Every structure is written in C-alpha cells, then in structure tokens.
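>>> mind folding the following:
(chains A and B)
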Amino acid sequence: DAKTTQPPSMDCAEGRAANLPCNHSTISGNEYVYWYRQIHSQGPQYIIHGLKNNETNEMASLIITEDRKSSTLILPHATLRDTAVYYCIVRVEGRDDKIIFGKGTRLHILP
Amino acid sequence: EAQVTQNPRYLITVTGKKLTVTCSQNMNHEYMSWYRQDPGLGLRQIYYSMNVEVTDKGDVPEGYKVSRKEKRNFPLILESPSPNQTSLYFCASSLVTGYGYTFGSGTRLTVV
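Got it, this is the predicted structure:
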C-alpha cells in the first residue's frame, strides 16, 4: 500500500492557487516528500521535493508541516494545462526500493 | 536533450512470444526503474536498478526480467507474455540523491 493519502479529485478555478494536500503520517526521518504529475497518459513529470523545509521552484511550492505528517503542493496561478493527476510519494534519498505511487489526486482546472 | 527513451511506443503481441522493451537514458543516472500502470491501480514498480549489474525486485516483478549491463540501458524482458501483462509501461531514471525521476514517454503493450 502507498505510504501517502491524497483526495481522489479536486477542482480549481483558472488563475487561482491550487492547493493539493497529502497525508504521510508514517513518514520516517530520512524520507523525502516528492511530487509528480501525469498529464493524460504521458510519463509522469517531477515537480518538487523536500525534507522538512518549505521549498519553491518555478513550477510550484511545497509546504511541509512541522511534524512532517502532511504536506501541501501549491500551484500559485493554475492554468488549464495544469489539469493532471498529481502524485505525492515518500522516498528515502539514495534508495529506490519499492516506491509506491498510489492513485494520486485528479486536479481539474475550471475555465 | 536530456531524456529517457523507450521503444517501442506501441506493441501488440501474442501470448508466449518473447519480447523486449528497451529503455535508454543520456543523463548518466545511476538509478533506473520500470513501472506499469493499469486503470484503478496507479503506477506500480516492477524492477529497479541502483547501478550497473545491480537490480532488484519492485512490487510486481512476476513474469518480468531486467538487466543492467551498461549504465545507460535498462531493458525489460517478458520471456512468455500473458494477457494480464497488457499495460502501459514506463521507464524512469534519476541521480543518486536530491533529484526526482525523469520518466520515458511510455510503451503501451497489448498481449492477445
């Protein structure tokens, strides 16, 4: 089973911030939180990752709670092209065993 | 251009006929993985490799083989394909630390 829990779907109005939550209550101290998205049946695309500090890049921001049991991916100004399935996973840096993607959140951007 | 290249993109084959799906990356990544994606089941890891000659099973390895003789290539071998291996397959690679996966464009396999 996946180590993360995400809502199956969310809607967001175009131009607004999309906030996608992820629960990872059993995360270990050396596990990073990674976010990916998959548009239709294309290969998933890496978005961002973090350990405990908040992170920002050109695509998104990642907010991790102080207890690290949950996180939120923020797309600051959602566009129609952000319609995709978003996956939150946890991964020990430097290891690759049995990474489980789960079912993700299907984000619909509404015009 | 940095990328992961899978071939073929589409394949229809018959039960029992051995096939190989190739995966190649040009980024000098240590890690490579194979995933399959089925409706309602998400992405499931088949095999992964942490470096040349080092491979290990993921969540759903039955019916598959892999090899990692060179750093850039990680082929997926189906010795005797069966209809339950009909799926969308993705290859992915990454550096050891601090980076996410780069995924290929996928191979849609149908076994009849």
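
>>> use CA for all of it now, contacts and neighbours both
Will do.

>>> show me the contacts for residue 99.
In the absence of a named chain, this looks at chain A. A:89-91, B:45, B:58 (CA atoms under 8 Å, 6 or more residues apart in numbering or on different chains).

>>> not quite, go with chain B.
A:His49.

>>> just checking, next helix/strand downstream of the worst-scoring helix or strand of chain A on mean pLDDT?
Every helix and strand of chain A was ranked by mean pLDDT, DSSP states H and E. The lowest is strand A:84-92, at a mean of 90. Proceeding N to C from strand A:84-92, the next assigned helix or strand is strand A:105-110, under DSSP states H and E.

>>> name every strand pairing with the one helix or strand A:Leu73 maps to and say which way it goes.
Element membership for A:Leu73, per DSSP H and E: strand A:70-75. Here strand A:70-75 is paired, per DSSP bridges, with strand A:18-23 (antiparallel), strand A:61-64 (antiparallel).

>>> quick one: the helix or strand following the longest one near chain B?
Going down the chain from strand A:18-23, the next helix or strand is strand A:31-38, by DSSP H and E. Yes - where contact is defined by CA under 8 Å from any CA of the partner chain, part of strand A:31-38 touches chain B, namely A:Tyr34.

>>> other residues contacting the longest strand along chain B?
Longest strand of chain B, by residue count under DSSP state E: strand B:42-51. Strand B:42-51 is touched from outside by A:95-104, B:30-37, B:55-61, B:64, B:66, B:68, B:71, with contacts defined as CA under 8 Å, 6+ apart.

>>> which ones are touching the spatially most central residue of chain B?
Compute the mean C-alpha point of chain B, and by CA atoms, centre = their mean the closest residue is B:Trp34, 3.1 Å away. Contact analysis of B:Trp34 by CA under 8 Å, 6+ apart lists B:45-48, B:76, B:89-92.
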